[in-house]
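> Just the structure for this:
(chains A, B, C and D)
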Number of protein chains: 2
Amino acid sequence: MNTLAEENYLKSIFHLSDAEESVSTNQLATLLNTKASSVTDMLKKLADKALINYTPYQGVRLTLSGEKIALNIIRKHRLWEYFLVEKLNFKWDQVHEMAEEMEHISSNELINRLDKFMGYPKFDPHGDPIPDINGQINHHNLKLVSAIEVNDSGTISGVKNHSPNFLQYLEKQTLTIGKIISVIEIIPFDQSMILQTENKEVHISSEVANNLLIAL
Amino acid sequence: MNTLAEENYLKSIFHLSDAEESVSTNQLATLLNTKASSVTDMLKKLADKALINYTPYQGVRLTLSGEKIALNIIRKHRLWEYFLVEKLNFKWDQVHEMAEEMEHISSNELINRLDKFMGYPKFDPHGDPIPDINGQINHHNLKLVSAIEVNDSGTISGVKNHSPNFLQYLEKQTLTIGKIISVIEIIPFDQSMILQTENKEVHISSEVANNLLIAL
DNA sequence: TAAAAAATTTAGATAAGTCTAAAAAATATA
DNA sequence: TATATTTTTTAGACTTATCTAAATTTTTTA
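Here you go, the predicted structure:
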């Protein structure tokens, strides 16, 4: 088994990974709130365990087994978030920190039974897909609200920013997962947008539009 | 907040404490599967934090604040065990190790909501009382089966030994929590007992009788 | 393309929690 | 009650994960 610190590094590398680029030491240091030198130390350790491919000065990528572990941690995180919101009635802005602890509970049998208990949910309370028991992720095709046009409409299906502040703001504007919105007007000056949602109009800044995901 | 190691020491001190005697270094070392010297180090640390009263060579007792923390950890442990058995359908011999991890999830709001979600259970799957939000424990008055007489009867309400082996044995003999039994015969030679349970007779050794608790 | 800036790694240190071996204190025993 | 035994503590070391400061490599820029 891996230590808590190792698990957190693997998860962070996964989140920072994209198709082309490898993940840099500094990116990890920033995300993990630690120093670059600490990251270097841990990268050597993870490379020794064959969980990452690491070339000094060239950044890292997860190996297949590293990715499998990362996906399992993310699966646990998102299932626990779903549990906290759907069963214990927490709000979507309250669950992240708790799930950060719960994702490290080791038993897979436990998480699979929890999954079954909740009816195999596909998305967590923020709209993020929950990897299944094999690490498969149900990617749905979402667009940033900032990238759609006047008169387009769709269903709010995710957020890019997970900060409690942002989530609380969305809640107040009733811009929550599942709500149907359409774009009434885009203000050219600042790219802010006026949206129709339920029976009212909401005016959102371009920063908000840039962090809100919609399914057309 | 306290570290995981500190929490485990507090919990162990609580479990080893009784009214008169203070808890010795060696008792703790045995229970925690560690060395006496490690225990001494930790006792100094806990004493510095005013969680225990510690006099070198004289053993330890929990202070009020140490006891409060220990009771909260035990509350979490037993509520999670209840959850695992009642909601996720684990058997009573499977849940201890998982709960050992889950008891360290820090949020009290979480555990209080879990308590409510499950309807404020009073006892865990092994019959142990669950401390309430204020650390109050509902002690019920149980007797060891080894301490009762022929023709006495009562309800199985707890176990002194929590090992999976013992729990699985009890399960196989249908000697589980809530079952009504009565003593048919006590064999003088080895103090083994013949019990009536449901519609069959079960012959148990004195070791078993010594670890099974009954409410008369 | 050489110098400057930025990113990364190395070296050496620290804190938490553990260990072994030796010393000291408490308890048991003859 | 002196000695042997057991228990506990102390001293010094190790591991994990972190840090600061210095050195090295890569990237940018003039």
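
> Can you give the domain ranges for chain A?
A:4-62, A:73-139, A:143-215 (automatic domain parsing).

> in chain A, which helix has the most residues?
Longest helix of chain A, by residue count under DSSP state H: helix A:64-86.

> Which residue lies nearest the spatial centre of chain A?
Nearest to the geometric centre of chain A sits A:D128, at 5.6 Å (C-alpha atoms, centre = their mean).

> what about stretch A:10-17 and DNA strand C, touching?
No - using C-beta under 7 Å from any atom of the strand, stretch A:10-17 never reaches DNA strand C; the gap is at least 11.4 Å. To be clear about C-beta, it is placed using only N, CA and C from the backbone, and glycine gets the same treatment.

> mind checking how far the residue of chain A most remote from its centre is from A:I148?
In terms of distance from the mean C-alpha position of chain A, A:F189 ranks first, at 30.8 Å (C-alpha atoms, centre = their mean). The gap separating A:F189 from A:I148 is 19 Å, by C-beta to C-beta, to the nearest Å.

> who in chain A is up against chain B?
A:84, A:87-90, A:97-98, A:101-102, A:104-107, A:110, A:113-114, A:117 (C-beta under 8 Å from any C-beta of the partner chain).

> from those, which would you call buried?
The neighbour count (16 or more other C-beta atoms under 10 Å in any protein chain shown) marks A:84, A:87-88, A:90, A:98, A:101-102, A:104-105, A:107, A:110, A:113-114 as buried among those.

> Enumerate every residue touching A:K44.
By C-beta atoms under 8 Å, 6 or more residues apart in numbering or on different chains, A:K44 lies in contact with A:Y54.

> buried set for the longest helix of chain A?
Those would be A:66-67, A:69-85, for helix A:64-86 by 16+ other C-beta under 10 Å.

> What's the per-residue pLDDT of A:K122 here?
According to the prediction, A:K122 has pLDDT 97.

> show me the contacts for the residue nearest to it when sequence neighbours are not counted.
In this structure, A:K122 finds its nearest non-sequential neighbour in A:N138, 5.3 Å apart by C-beta to C-beta, 6 or more residues apart in numbering or on different chains. A:N138 sits next to A:K122, A:F123, A:P129, A:I130, A:D132 when contact means C-beta under 8 Å, 6+ apart.

> Spatially nearest residue to the fourth one, not counting backbone neighbours?
When you say that, I think you mean A:I130. Nearest to A:I130 is A:R78, by C-beta to C-beta, 6+ apart, at 4.4 Å.

> show me the contacts for the one you found.
A:A99, A:D124, A:D128, A:P129, A:I130, A:P131 are the contacts of A:R78 under C-beta under 8 Å, 6+ apart.

> So it versus A:L32, what's the distance?
20 Å.

> Same question for A:D132.
Applying C-beta to C-beta to A:D132 and A:L32 gives a distance of 27 Å.

> A:H162 now?
With C-beta to C-beta as the criterion, A:H162 and A:L32 are 16 Å apart.

> Those two: who's more crowded?
Using other C-beta atoms under 10 Å in any protein chain shown, the more surrounded residue of A:H162 and A:L32 is A:L32, with 17 against 14.

> correct me, but the more buried one touches A:K11?
No - between A:L32 and A:K11 there is no contact, the gap being 9.6 Å when judged by C-beta atoms under 8 Å.

> Show me whatever sits in contact with both of these two.
What both A:L32 and A:K11 touch, as defined by C-beta under 8 Å, 6+ apart, is an empty set.

> Strands of chain A, residue ranges please.
In chain A, the strands defined using DSSP state E lie at A:52-54, A:60-62, A:143-144, A:153-159, A:180-186, A:193-197, A:200-204, A:212-215.

> What pairs with the third one, parallel or antiparallel?
Using DSSP bridges, the neighbouring strands of strand A:143-144 in the sheet come out as strand A:212-215 (antiparallel).

> I would like the residues contacting the strand it pairs with, please.
With contacts defined as C-beta under 8 Å, 6+ apart, strand A:212-215 is touched by A:127, A:140-146, A:148, A:154-160, A:170, A:175, A:181, A:204.

> What subset of those is buried?
Here, 16+ other C-beta under 10 Å leaves A:127, A:142, A:145-146, A:148, A:154, A:156-159, A:170, A:175, A:181, A:204 buried among these.

> before we move on, back to that, tell me which of the strands of chain A lies nearest to DNA strand C.
strand A:52-54 (6.8 Å; C-beta to the nearest atom of the strand).

> mind listing the helices for chain A?
A:4-16, A:25-32, A:36-48, A:64-86, A:96-102, A:108-117, A:164-172, A:206-209.

> For stretch A:123-141, buried residues please.
Buried residues in stretch A:123-141, counting neighbours by 16+ other C-beta under 10 Å, are found at A:F123, A:D124, A:P125, A:H126, A:G127, A:D128, A:P129, A:I130, A:P131.

> Tabulate the residues you listed (TSV), appending distance to DNA strand D.
Listed next are the buried residues of stretch A:123-141 as TSV, based on distance: C-beta to the nearest atom of the strand, whole Å:
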residue	distance to DNA strand D
A:F123	30
A:D124	25
A:P125	27
A:H126	25
A:G127	29
A:D128	24
A:P129	28
A:I130	26
A:P131	24
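
> Enumerate every residue touching the residue lying closest to A:K45 once chain neighbours are set aside.
Closest residue to A:K45 apart from its sequence neighbours, by C-beta to C-beta, 6+ apart: A:E6 at 7.1 Å. Neighbour list for A:E6: A:M42, A:K45, A:L46, A:K49, A:L51 [criterion: C-beta under 8 Å, 6+ apart].

> what does chain A put close to DNA strand D?
Near DNA strand D, when you scan chain A using C-beta under 7 Å from any atom of the strand, you find A:T3, A:L4, A:A5, A:E6, A:T34, A:K35, A:S37, A:S38, A:D41, A:M42, A:K45, A:Y57.

> Could you check the pLDDT of the closest residue to the third one other than its chain neighbours?
Take A:A5 and drop its neighbours on the chain: the residue closest to it by C-beta to C-beta, 6+ apart is A:M42, 6.7 Å away. Here, the pLDDT recorded for A:M42 equals 97.

> And A:M42, how close does it get to DNA strand C?
Using C-beta to the nearest atom of the strand, to the nearest Å, we find A:M42 at a distance of 10 Å from DNA strand C.
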